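Colleague: below: sequence and its predicted model.
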Number of protein chains: 2
Amino acid sequence: MKKKDIRILLVDDEPDILEILSYNLSAEGYNIFTASNGADGVAKAKKKQPHLIILDVMMPEMDGIEACEIIRNTKGLENTIITFLTARGEDYSQVAGFDAGADDYITKPIKPKVLVSKIKGLLRRLKEDDAGTEDIVKVGNIIINREEYKIINDGVELVLPRKEFELLSLLTSKPNKVFKREVILDRVWGNEVVVGGRTIDVHIRKLREKIGEDHFKTIKGVGYKFVL
Amino acid sequence: MKKKDIRILLVDDEPDILEILSYNLSAEGYNIFTASNGADGVAKAKKKQPHLIILDVMMPEMDGIEACEIIRNTKGLENTIITFLTARGEDYSQVAGFDAGADDYITKPIKPKVLVSKIKGLLRRLKEDDAGTEDIVKVGNIIINREEYKIINDGVELVLPRKEFELLSLLTSKPNKVFKREVILDRVWGNEVVVGGRTIDVHIRKLREKIGEDHFKTIKGVGYKFVL
DNA sequence: GACAAATTTAACATTTTATGAAATGAGTAA
DNA sequence: TTACTCATTTCATAAAATGTTAAATTTGTC
């Protein structure tokens, strides 16, 4: 994911703070949205589906803690990274913040360098885990080894480019199941990227070339499935 | 590694603080040692080889910053996790602390929940590589001697700079396994440090120059792996 | 057979990595 | 301190690999 595709939502009632945060993070290339109170923050979060939210603790209308709890319980935002902004004195808020489900906190006054470094660190963690994907999977004559990023087909080792690997990985995750084109796009390409409809076909063709024609069956008008 | 095998060293001149920290961390099952000033802290660190050290910044005799620097330059303690204890007001010490090689900091007054949560987070890194912490490791023709910070390649002794050593050490900890760039950053550079994206490549190149081109395989879009 | 959908190939675009060189930082000895 | 060296990081550019698109062709379904 490119930086400009990473969305960060800033929620603070002080325009000055929004300005500082916004300036520094925009300069890093992130895609910034802002809200000036908790309620607005929650609304924008639902709408923009940000990857990370920076929430001020002290705000009129709805404070950061409450907003955080709501966001954490909103479908689709359970795993959004949330960090609080707290003034130095407000020690209690750290505890409350973690209780509410925060991942980190940033103390005011804001030091641009520290800020950027924290944000980068938090976002990096996003990419680190492949949660849910088994490291080594065997289907028929094919062994898919995600740890070493290679596959073994009939005892022959081959290295696939990333997209092909992910595509194969998806299809083989449930042999005989038909994966709709839109599902494939979502899982392999991610809902961020938009590519033309024919791209999948080309990748399927490459897999057919490398793994064997017969394993990939086309279901016209629907999608593809992997067969043993 | 089990919790009771994890050693934590607490260094603070105030008995009350030692008490609080000690109580809370013991309750979590960690193995606790204490020291009441910097000099004593350094000595105990050498002797006990703790996994993590919590250092108060303000102490008589030798302050935390100084102690941290010494510990960082002590053989065998280069990678010990160090976090500072700072009073709220002392903002400057955070900066100085990171400069001295700290991994994190904890602010007073201490909130048990925050404390425990941070400690767990810091120690998470440790647990992952309980296999790779051996002092002398042999992979193929390469012998990695962590104790003396040198390696022997085909019988030829080489002294590698720190980052290169750590990178090699990480990659060889599991030959053939692909380490994603994000993971490499986390494990070699640490959570708080942020470097540009091309830094890893440069270090890989140095290793290729010194150890041999063929040992380091690039997996485009993913990361690198070490092959024998 | 008509028509939409899928395949195929090759050209094209983009992304990612490699590399050389230069800037910055840290440590050390004079 | 100052000068010097080595480590580390950044930058610019080149090169490679991967990914996408377009267009002609084929396939399958009604």
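Modeller: Ah, there it is.

Colleague: on the three-state scheme, A:Ile143 is what?
Modeller: Secondary structure of A:Ile143, reduced to three states by DSSP: H, G, I helix; E, B strand; the rest coil: strand.

Colleague: distance check, it against DNA strand C.
Modeller: Note on A:Ile143: its distance to DNA strand C, by CB to the nearest atom of the strand, to the nearest Å, is 24 Å. From N, CA and C alone the C-beta is placed, and that goes for glycine too.

Colleague: ok, that residue touching A:Ile151?
Modeller: Yes: using CB atoms under 8 Å as the test, A:Ile143 is close enough to A:Ile151 to be in contact (6.4 Å).

Colleague: looking at those two, which has the bigger crowd around it?
Modeller: When A:Ile143 and A:Ile151 are compared on other CB atoms under 10 Å in any protein chain shown, the one with more neighbours turns out to be A:Ile151, at 23 against 16.

Colleague: surely the more buried one is in contact with A:Leu160?
Modeller: Yes: counting by CB under 8 Å, A:Ile151 does reach A:Leu160; the two are 6.2 Å apart.

Colleague: which residues do those two both contact?
Modeller: A:Leu168 (CB atoms under 8 Å, 6 or more residues apart in numbering or on different chains).

Colleague: just checking, what packs against the lengthiest helix in chain A?
Modeller: In chain A, taking DSSP state H as the definition, the longest helix is helix A:112-128. With contacts defined as 3 or more CB pairs under 8 Å, 6 or more residues apart in numbering or on different chains; DSSP states H and E, the packing partners of helix A:112-128 are helix A:15-27, strand A:52-56, strand A:81-87, strand A:104-108, helix B:181-184.

Colleague: any idea which of the ones you listed is most buried?
Modeller: With neighbours defined by mean count of other CB atoms under 10 Å in any protein chain shown, none of these is more surrounded on average than strand A:52-56, at a mean of 28.

Colleague: give me every residue that touches A:Pro15.
Modeller: Taking CB under 8 Å, 6+ apart, one finds A:Ser36 in contact with A:Pro15.

Colleague: can you give me the helices for chain A?
Modeller: When assigned using DSSP H, the helices of chain A occupy the ranges A:15-27, A:38-48, A:64-72, A:92-100, A:112-128, A:162-172, A:181-184, A:199-211.

Colleague: including mean pLDDT, could these go into a markdown table?
Modeller: Putting the helices of chain A into a markdown table (pLDDT from 0 to 100) gives the following:
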| stretch | mean pLDDT |
| --- | --- |
| helix A:15-27 | 85 |
| helix A:38-48 | 90 |
| helix A:64-72 | 85 |
| helix A:92-100 | 55 |
| helix A:112-128 | 73 |
| helix A:162-172 | 93 |
| helix A:181-184 | 90 |
| helix A:199-211 | 93 |
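
Colleague: so for B:Asp40, which of the ones you listed sits nearest?
Modeller: With CB to CB as the measure, helix A:92-100 is the member of the helices of chain A nearest B:Asp40 (29.9 Å).

Colleague: ok, back up a step: can I get the helices and strands packed on helix A:112-128 in CSV including distance to DNA strand D?
Modeller: As requested, these are arranged in CSV below (distance: least, CB to the nearest atom of the strand, whole Å):
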stretch, distance to DNA strand D
helix A:15-27, 12
strand A:52-56, 21
strand A:81-87, 22
strand A:104-108, 21
helix B:181-184, 11
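
Colleague: who in chain A is up against DNA strand C?
Modeller: Contact residues of chain A with respect to DNA strand C, defined by CB under 7 Å from any atom of the strand, are listed as A:2, A:181, A:198, A:201-202, A:204-205, A:208, A:218-223.

Colleague: ok, 6 Å please
Modeller: Selection of chain A residues close to DNA strand C by CB under 6 Å from any atom of the strand yields A:Arg198, A:Asp201, A:Val202, A:Ile204, A:Arg205, A:Arg208, A:Thr218, A:Lys220, A:Gly221.

Colleague: of these, list those near DNA strand D.
Modeller: A:Arg198, A:Val202, A:Lys220.

Colleague: and which of those is nearest to chain B?
Modeller: Within these, proximity to chain B (CB to the nearest CB) peaks at A:Val202, which comes in at 17.1 Å.

Colleague: next, count neighbours for the closest one.
Modeller: Close neighbours of A:Val202, defined as other CB under 10 Å, add up to 11.

Colleague: do the one 3 residues further on as well
Modeller: The number of residues packed around A:Arg205, counting by other CB under 10 Å, is 12.

Colleague: I'd like the ones next to DNA strand D among the residues of chain A next to DNA strand C as TSV, with distance to A:Leu21 appended.
Modeller: Putting these into TSV (distance: CB to CB, whole Å) gives the following:
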residue	distance to A:Leu21
A:Arg198	41
A:Val202	42
A:Lys220	51
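
Colleague: pretty sure A:Gly38 is touching A:Met59, no?
Modeller: Yes: under the criterion of CB under 8 Å, A:Gly38 makes contact with A:Met59 at 5.4 Å.
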